[in-house]
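> Structure, please.
(2 chains)
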2 protein chains.
Amino acid sequence: MSETDKPETVLLAHGSGGSLSHELVAGRVLFRISTEATPTLDDSAVVEMHGCIAFTTDSYIVDPLFFPGGDIGRLAVCGTVNDLSMVGAIPRHLSLALILEEGFPLQSLDAVMRSVGDTCREAGVDIITGDTKVVNRGKGDGLFINTAGIGLVPDGRHISGKLARPGDRILVSGSLAEHGLAIMAAREGLAFSSAIRSDCAPLNGIVGALLEAMGDAVHCMRDPTRGGLGTTLNELASQSRVAMLIDESAIPVRPDVRAACEMLGLDPMYVANEGKFIAIVEPSRAEAALRALRVHPLGKNAVDIGEVVAGRPGRVMMRTHLGPTRLVAMLSGELLPRIC
Amino acid sequence: MSETDKPETVLLAHGSGGSLSHELVAGRVLFRISTEATPTLDDSAVVEMHGCIAFTTDSYIVDPLFFPGGDIGRLAVCGTVNDLSMVGAIPRHLSLALILEEGFPLQSLDAVMRSVGDTCREAGVDIITGDTKVVNRGKGDGLFINTAGIGLVPDGRHISGKLARPGDRILVSGSLAEHGLAIMAAREGLAFSSAIRSDCAPLNGIVGALLEAMGDAVHCMRDPTRGGLGTTLNELASQSRVAMLIDESAIPVRPDVRAACEMLGLDPMYVANEGKFIAIVEPSRAEAALRALRVHPLGKNAVDIGEVVAGRPGRVMMRTHLGPTRLVAMLSGELLPRIC
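Just a heads-up that it's a prediction; the model follows:
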């Protein structure tokens, strides 16, 4: 293929493992994502690490690929950085695996790779290994991304969804439902009165600040992505074999987001977030934790939404605005497919 | 959904993150792949490791999902185990991320997950973290899998594609082109005179035996997957900035495989393998390396195919059956899409 005959879209041969695969990776991916001068081209990257290693993975199939507040590249980096952060790990190294559909515009790939690189620099992680595959037209949807990540859990840190204890306070780092709503709006071409943007952000900075201030007073953390706050609290309550009681009036949702959810028939309790997290902490340290969160730009709206109680394991109850208490179930069915 | 109303195919709601996602993972995936009693349900798994950690990833989009000698599940485990093995790492822990298409039969998922579990046990690795996503009908192709993996590189071991030196011998662990041909035959419904099966296998056992026998006399290893032997030798020659001279008559291809390749117009030099590897070793230790390989069931047909020479960096030459020497280029274009 001559210089003047460069493809503008992904070809099946970009997935061959041969010269066009090498051109794609070297010419379009590596220099945009690299935070180091010389990436390894071996089958595996090798890094030195000592201690407790956190390891996680997620695939991203979000539709559309670009949305207010982010894109699939930013999402893929943040999602894995955040999953590592939620067990108290310091995220270090990521993998990046692309599944491209034949015909996908290479300019769109460039934009996503730039976003991957920018987000890695923002989060202080690097991509050290990767893969590129191509599927025939009609057998994919433009671009799917998988990231996996490894991070280091500092000595003596134990944070897990199974460590919530009755009496613990349940904190949320900020207002909810923005990611899901931004995707929905972008997909359906909805124009809201105010611009609702995805909250997609790397949480390792704010989590680091919280843990530095709190030490082992933080028992559990989790980011309420797919399934939203309601589902995530159910998961934590089940894993810890405790019950939870939260206050509807404390749950932080911006008025414009609440109005848009009402218009669309969505319950913000189940709408996905990509830059918020739940922290379950020692009751005596809850105020200090809120102060530590609120100092960080991503935690300005952090609030205490309720407490862990000794009740039927896995049961999450909510005191409603009107007074009575109702059960908060796990999401059943599908609210918004392909949100991440 | 009542007991009698269980879905038989993947629904969009299986990707919601809610109750159906949990049912899918708990009821269909975890117990089939698990090698441990209690998998973590946290956002990341945490394992203790000390030293040089190898980290790799690959996505698998093979078509068809089931083929003679393997399936996408076996491939996804072997591919990542082998990528770790190729830098001398002992594979330890894998991630498993599924991208399911709405409508994919759950029985097929079960079969793939059983194969993932069996292959993990065969290779001595475990899956400690994972993810499940669902795309709408027509936006995927049944099932794509991503695995990432981490392994431990023993102290003092340095194996890399950049360490080939002039004089080194180039060994291949067995006969070539079987994986690609098996896929091609399965896809096209071809019946060959003999059954040609994929060579898909975890290489960590044979690599461990080789390295134990040879110590630091092994300079490079790589498995010739997509792009085949021809492309992989080009990669190694470029990375090490050396030339290579191989003997066509030494390249191991079974007669039935060679005949099938000829019939289909395929050059076995470029057809993918999934259970073979190239080892580039000190010349004085090449015979010992061959002996170590041949003791292992996966290395019975190991041979010396040529040598590393001081020539134009990246150039791979082959002495042909007929006498003259010709250039072996990297694969250009696409031979067989979606081979892995």
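> all helices for chain A, in order.
In chain A, the segments counted as helices under DSSP state H are A:19-24, A:31-33, A:72-85, A:106-123, A:178-188, A:204-214, A:228-240, A:255-264, A:286-295.
> Which strands and helices lie in contact with the shortest one?
Which is helix A:31-33. With contacts taken as 3 or more Cβ pairs under 8 Å, 6 or more residues apart in numbering or on different chains; DSSP states H and E, helix A:31-33 sits against helix A:106-123. For the C-beta atoms, the positions are set from N, CA and C on the backbone; glycine is no exception.
> Tell me the buried residues in the helix it packs on?
Buried residues in helix A:106-123, counted by 16 or more other Cβ atoms under 10 Å in any protein chain shown: A:106, A:108-109, A:111-113, A:115-117, A:119-120, A:122-123.
> now stretch A:120-134
For stretch A:120-134, using 16+ other Cβ under 10 Å, the buried residues are A:120, A:122-123, A:125-134.
> Do any residues in that stretch lie close to chain B?
Yes: using Cβ under 8 Å from any Cβ of the partner chain, stretch A:120-134 reaches chain B at A:128-131, A:133-134.
> Inside strands: which ones of the residues you listed?
The members of the residues of stretch A:120-134 next to chain B that map onto strands under DSSP state E are A:128-131, A:133-134.
> Would you mind giving me the confidence score for the closest residue to chain B within the stretch 151-300 of chain A?
Closest residue of the stretch 151-300 of chain A to chain B, Cβ to the nearest Cβ: A:Arg226 (2.7 Å). For A:Arg226, the pLDDT comes out at 94.
> so who does it touch?
Neighbour list for A:Arg226: A:272, A:339-340, B:15-18, B:21 [criterion: Cβ atoms under 8 Å, 6 or more residues apart in numbering or on different chains].
> hmm, 10 Å instead?
A:58, A:179-180, A:232, A:270-274, A:331, A:334-337, A:339-340, B:15-18, B:21, B:133 (Cβ atoms under 10 Å, 6 or more residues apart in numbering or on different chains).
> Please pick the buried ones from those residues.
In these, the ones that pass as buried (16+ other Cβ under 10 Å) are A:58, A:179-180, A:232, A:270-274, A:331, A:334-337, A:339-340, B:15-18, B:21, B:133.
> residues in contact with A:Asp168?
Contact analysis of A:Asp168 by Cβ under 10 Å, 6+ apart lists A:217-220, A:240, A:242, A:244, A:279-283, A:285-286, A:306-309.
> Give me the buried stretch members for stretch A:234-245, please.
For stretch A:234-245, burial by neighbour count (16+ other Cβ under 10 Å) applies to A:234-240, A:242-245.
> Just the residues contacting the lowest-mean-pLDDT helix or strand in chain A, thanks.
Using mean pLDDT, DSSP states H and E, helix A:31-33 stands out as the lowest-scoring helix or strand of chain A, at a mean of 88. For helix A:31-33, contacts defined as Cβ under 10 Å, 6+ apart pick out A:39, A:73, A:77, A:94, A:96, A:109-121, A:126-127, A:130.
> swap the cut-off to 8 Å and go again
Helix A:31-33 has contacts (Cβ under 8 Å, 6+ apart) with A:96, A:110, A:113-114, A:116-117, A:120, A:127.
> re the thing from before, from the contacts of A:Asp168, which would you call buried?
When the contacts of A:Asp168 are checked for burial by 16+ other Cβ under 10 Å, the buried set is A:217-220, A:240, A:242, A:244, A:279-282, A:285-286, A:306-309.
> The residues you listed in strands, which ones?
Here DSSP E is the test, and the buried ones among the contacts of A:Asp168 give A:218-220, A:244, A:279-281, A:306-309 as lying in strands.
> Just the closest of the residues you listed to B:His296, please.
Nearest to B:His296 among these: A:Cys220, at 46.5 Å, using Cβ to Cβ.
> Surely that closest one is in contact with A:Ile278?
Yes: assessed by Cβ atoms under 8 Å, A:Cys220 is found in contact with A:Ile278 at 7.5 Å.
> shared neighbours, these two?
Common neighbours of A:Cys220 and A:Ile278, using Cβ under 8 Å, 6+ apart, are A:Leu236.
> Against A:Gly311, how distant is the nearest residue to A:Leu327 once chain neighbours are set aside?
Residue nearest to A:Leu327 in three dimensions, not counting chain neighbours: A:Met317, with 6.1 Å by Cβ to Cβ, 6 or more residues apart in numbering or on different chains. Separation of A:Met317 from A:Gly311 (Cβ to Cβ, to the nearest Å) stands at 8 Å.
> Pick out whichever of those two has more residues nearby.
Using other Cβ atoms under 10 Å in any protein chain shown, the more surrounded residue of A:Met317 and A:Gly311 is A:Met317, with 18 against 15.
> List, one by one, the residues from the stretch 201-340 of chain A near chain B.
A:222-223, A:225-227, A:231, A:235, A:239, A:270, A:272, A:329-335, A:337-338.
> Which residues are in contact with A:Glu334?
B:11-13, B:15-16, B:18, B:20.
> Same question for A:Asp110.
By Cβ under 8 Å, 6+ apart, the contact set of A:Asp110 is A:28, A:32.
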